[in-house]
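J.: Sequence and predicted structure, then a few things I'm wondering about:
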Amino acid sequence: DAKTTQPTSMDCAEGRAANLPCNHSTISGNEYVYWYRQIHSQGPQYIIHGLKNNETNEMASLIITEDRKSSTLILPHATLRDTAVYYCIVRGTGTASKLTFGTGTRLQVTL
Amino acid sequence: KAGVTQTPRYLIKTRGQQVTLSCSPISGHRSVSWYQQTPGQGLQFLFEYFSETQRNKGNFPGRFSGRQFSNSRSEMNVSTLELGDSALYLCASSLGTAQSSYEQYFGPGTRLTVT
């Protein structure tokens, strides 16, 4: 699985958009980008995933650069409940469910 | 639909003992994966079971083992506990097909403390 690089921590004011970057310069053509988050002491929660097109769901948007070497997770209107560690994960297709977590980005949403 | 449940939620054991943790996946899910989370190593994949067969395995010693039952419930066992086994053990379930394996649902975890 390709490795990812994320900033250690970020701050965001409540109500503003939170933009979390991820670098995955060694990603292969058939590998997807996944985002999970973990709120303190809880199990990780799936957010969104994508291959090369931008994706949006009720939680967030995922913007993947044209060369696929980096992506950005966007929380459009961050709330205090979005304070968590966000993990960017790259993995290929197939049935194996293994997820390789990095150190993630600790997002702190403040008033 | 009920989420992933793990029992017990907290456990304290002594070095040298063994422990069994249980995970009940979401109804209809056939894949169960186990992860260990520690402050030093972060989240690490232990193994995955699908239809009662181990389908994938992480880089952990043989003291860590698991199994899955016909109803998809899974257990993991750690024998000869060491202090370094103190961790949050997380279970995740998914449908297990290629199209859905990305979306894994995690349980709340079992906090194991080894003294």
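T.: In hand now; what should we look at?
J.: What's opposite B:Ser74 in the beta bridge?
T.: B:Ser74 has the following beta-bridge partners by DSSP bridges: B:Cys23, B:Gln68.
J.: mind checking how far it is from B:Arg9?
T.: For B:Ser74, the distance to B:Arg9 equals 16 Å [Cβ to Cβ, to the nearest Å]. Quick note: C-beta positions are derived from backbone N, CA and C, even for glycine.
J.: Equivalent analysis for A:Ile64, please.
T.: Computed as Cβ to Cβ, the A:Ile64 to B:Arg9 distance reads 38 Å.
J.: same thing with A:Thr4?
T.: As judged by Cβ to Cβ, A:Thr4 and B:Arg9 stand 31 Å apart.
J.: now B:Ser22
T.: Distance of B:Ser22 to B:Arg9, computed by Cβ to Cβ: 11 Å.
J.: Quick one: low-confidence residue ranges for the chain.
T.: You didn't pick a chain, so chain A it is. A:1-2, A:93-97 (pLDDT under 70).
J.: wait, I meant chain B there
T.: B:1, B:98-102.
J.: give me the beta-bridge partners of the residue of chain B with the smallest separation from chain A?
T.: Here chain B gets closest to chain A at one residue, B:Phe106, 2.9 Å apart by Cβ to the nearest Cβ. Listed beta-bridge partners, B:Phe106: B:Ala92 (assigned using DSSP bridges).
J.: That one: how many residues sit nearby?
T.: Using other Cβ atoms under 10 Å in any protein chain shown, B:Phe106 has 23 other residues around it.
J.: How about A:Thr105?
T.: 21.
J.: more neighbours, A:Thr4 and B:Arg9?
T.: Taking neighbours as other Cβ under 10 Å, A:Thr4 and B:Arg9 compare with A:Thr4 leading, 24 against 11.
J.: which residues sit in contact with the more buried one?
T.: Applying Cβ atoms under 8 Å, 6 or more residues apart in numbering or on different chains to A:Thr4 gives the contacts A:22-24, A:88-90, A:102.
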